[in-house]
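what follows is a predicted structure for the sequence shown.
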Amino acid sequence: MSSALNILKEVFGYPAFRGQQAEIIEHLASGNDCLVLMPTGGGKSLCYQIPALMRKGVAIIVSPLISLMQNQVAALNEVGIQAAGLNSSLPFEEAQVVEQRLLAGEYDLLYVAPERLLTKRFLDLIGKIPLALFAIDEAHCVSQWGHDFRPEYCQLEILHTRFPDVPRIALTATADAVTRKEIIERLVLHEAKIFLSSFDRPNIYYQIVDKANSRQQLLSFIQGEHPQDAGIVYCLSRKKTEETADWLNAHGVAALVYHAGMSPHQRLQNQKKFLREENVVMVATIAFGMGIDKPDVRFVAHLDMPKSIEGYYQETGRAGRDGQKASAWMAYGLNDVIQQRRMIEESMAQEKFKRTATRKLEAMLALCESTTCRRVHLLDYFGEKATFLTCGNCDICLNPPGTWDATVAVQKALSCVYRTGQQFGAGHLINVLRGSPTLRVKQWNHSQISTFGIGQDLSVKTWRAIFRQLIALGLLTASSEGYGSLCLTDASRAVLKGEKKVFLRQQPEQKQILVKMQSNESQLFEPAAQQLFDQLRSWRAKIAKAHGVPAYVIFHDATLRELVRLCPQTEEELLQITGLGIHKLDRYGENLIEILRSG
């Protein structure tokens, strides 16, 4: 592995491998297949980039997103590696040039979209040249049950059929046991070695709050914990992304929009601005994010509950890729539960798909309603046994909720659903329970039924939490007949008959936990050092703009911080800085030494 370690140090500028990287690289470089599950920011790319340089021929990297290809290619070119991408954004003439250079053996790595890869023309083309390996990035896209399903990924078994002697590596940050099995089956990786890293992201603070006024809650979160930070806000609908971005901008937060209904040009412009500028918040649907390798995203917020833990983990994993402190924040309410249930019931999917979607939703609901450490819950879902009971870095650990015997209250709620004919939503049911003589209550004569006013002892907020948890527990379900109508389930009978007790989560009332996410430089740097850091950032921004790449492609903030802390004065000393290899030393060494000496 000396060759691999030399490449790591001299090309990429890192002193040592992390976790299982060395073992994966040795396995793949020796010509063997593997499946790698590693969290976002864990260094998956190096696991195929270094073997690509060690083996004869070109490495073909299958990537689902153009933006991901462009960022990876730009980063590789910056460290002196010959890489290119083939995708639909390239004009015909440029694509031809790439193909000619490929045939001439001028590339170390070629990134290609699965649609392009599967064409007979491309398969014939790469059949004429030596191939180092195939890397299938974002391999969870193969799962038809997943949140990022790409039909073309299901046809990638052709790589094994047509090129049986070329080693393959499939990589993903998100896959439960079912998805892992599907990746192995569909990509014919039965003999592949599985490398399963920890799913834990200890730098991320997980927080799920009861949804009240979600926009105001979001603004308070950003202003209180992440002022002037880059972040991503996820919404379920296109309309909501636009309205939320407009509202944030009106309240002093620089926000952009991204969703599939926008023109490709506008989406690309907004994405470039998010990647290349500081302190921008992207408000988006799930159309945005996969492959976004911006390292300094300090928070990911959800204004609507994701459909699955896989989706939640994938999306929150875009925060804190640089290993610094970051937040995963979500506002979650009763309507989220009802809406997700209805979407499954009303879909035209087969029953098997609906059952799987329901199972994944129930797991997501269980995470939201958890009374134990969120991190332990996440790890358990992915089949990983946590080495701790409390992490000390989630809302549950910092402000533990209690549980209460809610059996009587639940019986009242279920009885009210029954007495009103199982055709009303939670809002109306709560009015009946609390004895509120609303126009609708009078219209349906519900002030005359036995459950009218029997729940006056509990607040509206408490009742909404009760109904939300009853749906999560499967004691109520959302009807597909009327919007938001709640119906009893078979499991309700035992509770109504008094045969089963129900304990519910007690909402923490006493305090709001504010976790200050101070940047490392503000904690570590004296004023003079901060001034030098700002000089380096300013210089980096100019270089990045001239090269047409995001600033982090030139150097990560971590590299700049190390430059300030160690203040190297010679080229030999510069080579000891993490993230600074020989190619970047040749390009930027003189500039850096000049800035550091003057600083």
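Great, that's in hand.

C-alpha from now on. contacts and neighbour counts both.
OK.

what about the closest residue to Asn32 other than its chain neighbours, how many neighbours?
In space, Asn32 comes closest to Pro167 once its chain neighbours are excluded; the distance is 5.3 Å by CA to CA, 6 or more residues apart in numbering. Neighbour count for Pro167, taken as other CA atoms under 10 Å: 23.

again with the one 10 residues further on
Residues lying near Ala177 (other CA under 10 Å) number 11.

show me the contacts for it.
Phe382, Gly383 (CA atoms under 8 Å, 6 or more residues apart in numbering).

for it, give me phi and psi.
Taking degrees, to the nearest 10, you get phi -60, psi -40 for the backbone angles of Ala177.

same question for the one 5 residues further on.
Comment: the main-chain dihedrals of Glu182 come out as phi -70, psi -40, following degrees, to the nearest 10.

test my guess that it contacts Ala139.
No - using CA atoms under 8 Å, Glu182 is not in contact with Ala139; the gap is 10.0 Å.

which one's more surrounded, the two?
Comparing Glu182 with Ala139 by other CA under 10 Å, the one with more neighbours is Ala139, at 30 against 20.

separation between that one and Arg150?
Per CA to CA, to the nearest Å, Ala139 is found 10 Å from Arg150.

got it, and His251?
Counting by CA to CA, the gap from His251 to Arg150 is 38 Å.

ok, the two, which is more surrounded?
More neighbours surround Arg150 than the other of His251 and Arg150, with 17 against 10 (other CA under 10 Å).

quick check, pLDDT for the residue lying closest to that one once chain neighbours are set aside.
Spatially, and ignoring its direct neighbours in sequence, Arg150 is nearest to Cys141 (5.2 Å; CA to CA, 6+ apart). Confidence at Cys141, expressed as pLDDT, is 90.

so Cys141: helix, strand or coil?
helix (DSSP: H, G, I helix; E, B strand; the rest coil).

what's opposite the closest residue to Asn270 other than its chain neighbours in the beta bridge?
Using CA to CA, 6+ apart and skipping residues adjacent in sequence, the residue nearest Asn270 is Leu256, 6.5 Å away. In this entry, Leu256 is beta-bridged to Met282, by DSSP bridges.

let me see the contact set for Leu256.
Ala245, Asn270, Phe274, Val280, Val281, Met282, Val283.

which one of these is nearest Gln49?
Nearest to Gln49, judged by CA to CA, of those is Phe274 at 25.9 Å.

which residues touch the closest residue in space to that closest one that isn't next to it in sequence?
Leaving aside its sequence neighbours, Phe274 sits nearest to Val280 (CA to CA, 6+ apart; 5.7 Å). Val280 is in contact with Gln228, Asp229, Ala230, Gly231, Ala254, Ala255, Leu256, Lys273, Phe274, counting by CA under 8 Å, 6+ apart.

doesn't Leu476 make contact with Leu470?
Yes - contact between Leu470 and Leu476 holds when scored by CA under 8 Å: they sit 5.7 Å apart.

higher neighbour count, these two?
Each of Leu470 and Leu476 has its neighbours counted (other CA under 10 Å); Leu476 has more, 24 against 20.

what residues are bridge-paired with Ile208?
Taking DSSP bridges as the rule, Ile208 bridges to Met330.

begin at 54 from here
Right, with 54 as the first residue, what we last looked at is Ile261.

can you count the residues close to it?
Look at Ile261: counted by other CA under 10 Å, it has 20 neighbours.

so it sits against Ser423, correct?
No - using CA under 8 Å, Ile261 is not in contact with Ser423; the gap is 10.0 Å.

which residue ranges of the stretch 454-603 of the chain form helices?
All helices of the stretch 454-603 of the chain, identified by DSSP state H, counting those that start in this stretch, fall at 460-472, 479-486, 492-496, 513-525, 545-549, 573-577, 580-600.

tell me the most buried of those helices?
Of all these, helix 479-486 carries the top mean neighbour count, a mean of 23, counting by mean count of other CA atoms under 10 Å.

helix or strand for Arg233, just tell me which one.
Using DSSP states H and E, Arg233 sits within helix 230-239.

buried ones in that helix?
For helix 230-239, the neighbour count (16 or more other CA atoms under 10 Å) marks Thr232, Arg233, Glu235, Ile236, Ile237, Arg239 as buried.

nearest to Ser120, of those?
Proximity of the buried residues of helix 230-239 to Ser120 (CA to CA) peaks at Ile236, which lies at 23.5 Å.

residue contacts, that closest one?
Contacts for Ile236 were tallied using CA under 8 Å, 6+ apart; they are Ala192, His193, Val195, Ser196, Leu242.

quick one, phi/psi of the fourth one?
So the one you mean is Ser196. Per-residue torsions, Ser196: phi -80, psi 120 (degrees, to the nearest 10).

confirm for me that it is in contact with Gln208.
No - in this structure, Ser196 is not within contact of Gln208 by CA under 8 Å, at 11.9 Å.

ok, those two, which is more surrounded?
Neighbours were tallied for Ser196 and for Gln208 using other CA under 10 Å; the higher tally belongs to Ser196 (22 against 14).

and of the buried residues of helix 230-239, the nearest to Arg493?
For the buried residues of helix 230-239, the residue nearest Arg493 by CA to CA is Thr232; the value is 46.8 Å.

so how far is Ile630 from the residue nearest to the closest one when sequence neighbours are not counted?
Residue nearest to Thr232 in three dimensions, not counting chain neighbours: Ser196, with 6.1 Å by CA to CA, 6+ apart. From Ser196 over to Ile630 the distance is 40 Å, taken as CA to CA.

same question for Arg351.
According to CA to CA, Arg351 stands 24 Å off from Ile630.

show me which of those two is the more surrounded one.
Neighbours per residue (other CA under 10 Å) separate Arg351 from Ile630, with Arg351 holding more: 27 against 21.

Ser468 versus the more buried one, what's the distance?
Going from Arg351 to Ser468 by CA to CA gives 46 Å.

now Ala518
Using CA to CA, Ala518 is found at 17 Å from Ser468.

got it, and Asp610?
Distance of Asp610 to Ser468, given as CA to CA: 58 Å.

state the helix or strand in which Gly284 lies.
For Gly284, the host element (DSSP H and E) is strand 283-287.

next, count neighbours for Tyr311.
Tyr311: 26 surrounding residues under other CA under 10 Å.

which residues are in contact with it?
Contacts for Tyr311 (CA under 8 Å, 6+ apart) come out as Thr294, Arg320, Asn323, Gln324, Met335, Val336, Ala337, Thr338, Ala340, Phe341.

got it, and Leu99?
Residues in contact with Leu99 (CA under 8 Å, 6+ apart) are Gln74.

report pLDDT for it.
According to the prediction, Leu99 has pLDDT 96.

return the helix or strand in the protein with minimum mean pLDDT.
Of all helical and strand segments in the chain, the minimum by mean pLDDT, DSSP states H and E falls on helix 573-577, at a mean of 47.

what bits of the stretch 454-603 of the chain have low per-residue confidence?
Across the stretch 454-603 of the chain, the ranges flagged by pLDDT under 70 are 533-536, 560-577.

wait, which of the contacts of Val333 is closest to Leu511?
Nearest to Leu511 among those is Gly284, at 37.3 Å by CA to CA.

about what we covered before: per-residue pLDDT, the residue nearest to Phe327?
96.

ok, Tyr311 next?
Looking at Tyr311, its pLDDT stands at 95.

for His318, same thing?
On the pLDDT scale, His318 is placed at 88.
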